[in-house]
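S.K.: got a sequence here, can you model it:
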Amino acid sequence: MFARDYTSAVRTQLEVRDRLIVGGGPRAVRRVAGADISYDRGSDRFHAAVVVVGFPGLEEVETAEARGRSPFPYIPGLLSFREGPLLMRAFRRLETPPDLVLFDGHGIAHMRGVGIASHLGLLLDLPAIGCAKSRLVGSHDEPGPQAGDSAPLLFEGRRVGTVLRTRAGVKPMFVSPGHRIGHAAAVRWVLACGAGYKLPEPTRLAHLHANRMRLRGRG
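M.R.: Numbering: from 1, shown residues only. So this is what the prediction gives:
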């Protein structure tokens, strides 16, 4: 499911898109995972972290790591082929399976409807949400200034995500369903996983852990 060239990667995305389930959401959630990767600019040496937290307390339960070199160049819209193999290696090392996964990246808010949260959500067969810091596609109105204020993200005449203010006074996040979850549920879970920061706690912890791995790797 991870192609090595542009043409095969796009073909894979189109195949994945036909298999995605966008709607519904998890009913009972005891554990939520956050996933992120860190690397130095210009380097192909990646450090992947998956952090599982308990819900609703958001206490850290388990962390899995993976290190390696990326098999795919940086091409906008093909992030999952660059970061996905290493993240999947980290997921396979988990002893505590999550009920829901939040990715630092996009779900269906993507030019072909298959961001990293959609691609890996399908491979993991888990409800997955993309929670990105910047927009990849679409247009939107500015959401209100308070935490929880939102506006729909529209692309080619349809809704592909939500522009969500997760904390008052900070730039909004771009939240989109990845797999096995709908728009409303994705927003609810991102807000429920907040701990007073801009980023949801699972992805914030994964981001910090991946950065620590990268810094240790320099030594």
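S.K.: which stretches of this protein have low pLDDT?
M.R.: Counting by pLDDT under 70, the chain shows low-confidence ranges at 218-219.
S.K.: next, count neighbours for the closest residue to Arg93 other than its chain neighbours.
M.R.: For Arg93, the nearest residue in space outside its immediate sequence neighbours is Ala64; the separation is 4.1 Å by CB to CB, 6 or more residues apart in numbering. C-betas here are computed from N, CA, C, even on glycine. Ala64 sits with 22 neighbouring residues when counted by other CB atoms under 10 Å.
S.K.: same question for Cys193.
M.R.: Other residues within reach of Cys193 by the criterion other CB under 10 Å amount to 25.
S.K.: what segments of the protein are helices?
M.R.: Counting by DSSP state H, the segments of the chain that form helices are 6-17, 79-92, 116-124, 183-192, 201-218.
S.K.: export those helices as CSV, with columns for distance to Pro56 and mean neighbour count.
M.R.: Formatted as CSV, the helices of the chain follow (distance: least, CB to CB, whole Å; neighbours: other CB atoms under 10 Å):
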stretch, distance to Pro56, mean neighbour count
helix 6-17, 31, 15
helix 79-92, 23, 22
helix 116-124, 22, 26
helix 183-192, 7, 19
helix 201-218, 11, 20
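S.K.: bridged to the residue nearest to Arg93, which residues?
M.R.: The residues listed as beta-bridge partners of Ala64 by DSSP bridges are Val50.
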